[in-house]
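**Student:** this one's sequence-less:
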């Protein structure tokens, strides 16, 4: 691959990561990125970070379940408009080594999944969410072997990942605490679900490269990751144990070990790039993620495990994460241009189909990204980029769940077309 095209491609690849982090359907945060595997040369290492600034704002909130809330029943009041999503950062690291002229391997660290919503305790929907946060760590190894084919190469790709997830959800469980003497004793009526899990997954794919024209097309399948048993606790110590009989809930006033099961989604991603004129490159992506695998993640007391499985309809269900995602689709296309031997730039437009079916604020996202790449010499490359987009409007409310259940009966609210921005910086060392 010529130096010109390699320089242009650096800025173009930066935008793929920015778009993935800023659009973030389902629980996607940084997603998967194996582009460093195609870097020519024997050794290449890359590190970067993306900083995302979503401005999602909830409005017109109404507490529709006063028994555990603080709004509609006049207990403690509460705001009807609130900012939902804090800023977040997504780091990544990769080291590619050419084992032979045909075989390459890439070791990576990334944070593919994550979410953080923090509307706080002072809004009328505190019984739905005060703060929810899920983090992930992915340690991956991906290798490829290329075969000569006409003037180009056919590359077979395969790899594995080990993932760790942890997180929590905090919400108001018993709003009526504000009308009792217990409030004066420091009880706030909140409950906290904490969880952690891990699992192993694999990937396989194929790519065709024609270096003469900077042509590359790749199709990579990432298998689902079965987290097995998710372990956690439900902490209801902010509700007095003396209310256990009144509330008909033996778990209030104490911390209970719980368990559940979930699978992180499979995905299929097609990427392409091609030179279209001297110093010009076109590129794009189509990605599908099976987010509908995450519907209602139930948690049951560990002490009941021998009595049956824990699912949305289990009589032992203590709490749950109600998601009801639909599959995600992302489509993007862009252009890159070399200005001189050191500088190139690129721009990309992308659309992400929202995964929400009524229980999250993750609606369609439209994004415009831009980036520059600076290559002072053949061994160093520095990339910087940014993105601006629109998180489209929608609403939260009652949504059909597995069986005859209805989720989202605790609060209703709307959200408008909101802004999302992102900044990215990365560096690459190759030799």
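**Tutor:** Cool, got the structure. Please read these numbers as outputs of a predicted model, since none were measured by experiment.

**Student:** pretty sure residue 417 is in contact with residue 393, am I right?
**Tutor:** Yes. Counting by Cβ atoms under 8 Å, residue 393 is a contact partner of residue 417 at 5.1 Å. Bear in mind the C-beta positions are built from the backbone N, C-alpha and C, glycine included.

**Student:** phi, psi of residue 218?
**Tutor:** phi -130, psi 150 (degrees, to the nearest 10).

**Student:** nearest spatial neighbour of it, skipping sequence neighbours?
**Tutor:** In this structure, residue 218 finds its nearest non-sequential neighbour in residue 207, 3.7 Å apart by Cβ to Cβ, 6 or more residues apart in numbering.

**Student:** for the one you found, list the residues it contacts.
**Tutor:** Going by Cβ atoms under 8 Å, 6 or more residues apart in numbering, residue 207 touches 38, 144, 154, 155, 157, 216, 217, 218, 219.

**Student:** what's the burial count for the second one?
**Tutor:** Here the neighbour count serves as a burial measure; for residue 144 (other Cβ atoms under 10 Å) it reads 23.

**Student:** returning to what we had before: could you dump the contacts of residue 207 to CSV with secondary structure, distance to residue 377 and pLDDT?
**Tutor:** Shown next, in CSV, are those (DSSP: H, G, I helix; E, B strand; the rest coil; distance: Cβ to Cβ, whole Å; pLDDT from 0 to 100):
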residue, secondary structure, distance to residue 377, pLDDT
38, helix, 21, 92
144, strand, 27, 98
154, strand, 32, 97
155, strand, 27, 97
157, strand, 30, 98
216, strand, 24, 93
217, strand, 30, 96
218, strand, 28, 96
219, strand, 34, 98
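
**Student:** just the buried members of the residues you listed?
**Tutor:** Among the contacts of residue 207, those scoring as buried are 38, 144, 155, 157, 216, 218, 219 (criterion: 16 or more other Cβ atoms under 10 Å).

**Student:** distance between the ends of stretch 21-33?
**Tutor:** Using Cα to Cα, to the nearest Å, the end-to-end distance of stretch 21-33 comes to 11 Å.

**Student:** in the stretch 1-150 of the chain, which spans are strands?
**Tutor:** Using DSSP state E, counting those that start in this stretch, the strands of the stretch 1-150 of the chain run over residues 43-54, 57-63, 82-83, 88-98, 103-110, 115-117, 131-149.

**Student:** which strands and helices sit next to the second one?
**Tutor:** This means strand 57-63. Applying 3 or more Cβ pairs under 8 Å, 6 or more residues apart in numbering; DSSP states H and E, one finds that strand 57-63 contacts strand 82-83, strand 411-415.

**Student:** ok, back up a step: would you turn the strands of the stretch 1-150 of the chain into a markdown table with distance to residue 329?
**Tutor:** A markdown table is the format used below for the strands of the stretch 1-150 of the chain (distance: least, Cβ to Cβ, whole Å):
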| stretch | distance to residue 329 |
| --- | --- |
| strand 43-54 | 20 |
| strand 57-63 | 25 |
| strand 82-83 | 28 |
| strand 88-98 | 21 |
| strand 103-110 | 21 |
| strand 115-117 | 19 |
| strand 131-149 | 21 |
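
**Student:** list the buried residues for the helix or strand containing the residue nearest to residue 218?
**Tutor:** Following DSSP states H and E, the helix or strand that holds residue 207 is strand 190-210. Residues 190-195, 197-199, 201, 203, 205, 207-210 are the ones in strand 190-210 that count as buried (16+ other Cβ under 10 Å).

**Student:** what lines up beside it in the sheet?
**Tutor:** strand 152-172 (antiparallel), strand 215-222 (antiparallel), strand 225-235 (antiparallel) (DSSP bridges).

**Student:** chain center to that strand: distance?
**Tutor:** 10 Å (Cα atoms, centre = their mean, to the nearest Å).

**Student:** which one of the contacts of residue 207 is nearest to residue 428?
**Tutor:** Comparing those against residue 428 with Cβ to Cβ places residue 38 closest, at 12.6 Å.

**Student:** isn't the closest one up against residue 209?
**Tutor:** Yes. With contact defined as Cβ under 8 Å, residue 38 reaches residue 209; the gap is 7.2 Å.

**Student:** phi first, then psi, for residue 421.
**Tutor:** phi -130, psi 160.

**Student:** for residue 175, that is, sorry about that
**Tutor:** Per degrees, to the nearest 10, the backbone of residue 175 is at phi -70, psi -30.

**Student:** low-confidence stretches in the chain?
**Tutor:** Residue ranges of the chain with pLDDT under 70: 1-20, 23-24, 69-77, 178-179.

**Student:** report the strands that pair with the helix or strand residue 419 falls within, each with its relative direction.
**Tutor:** Using DSSP H and E, residue 419 sits in strand 418-430. Strand 418-430 has the following strand partners under DSSP bridges: strand 43-54 (antiparallel), strand 380-391 (antiparallel).

**Student:** report the buried residues of that strand.
**Tutor:** 418, 420, 421, 422, 423, 424, 426, 428, 430.

**Student:** and that strand with strand 57-63, angle?
**Tutor:** Strand 418-430 and strand 57-63 are oriented at 130 degrees to each other (axes from the mean of the first three to the mean of the last three Cα atoms, to 10 degrees).

**Student:** quick one: work out the angle between strand 418-430 and strand 88-98.
**Tutor:** 30 degrees.

**Student:** figure out how far strand 418-430 is from the centre of its chain.
**Tutor:** Using Cα atoms, centre = their mean, the offset of strand 418-430 from its chain centre is 16 Å.

**Student:** what does stretch 410-429 give?
**Tutor:** On Cα atoms, centre = their mean, the centre of stretch 410-429 falls 11 Å from the chain's centre.
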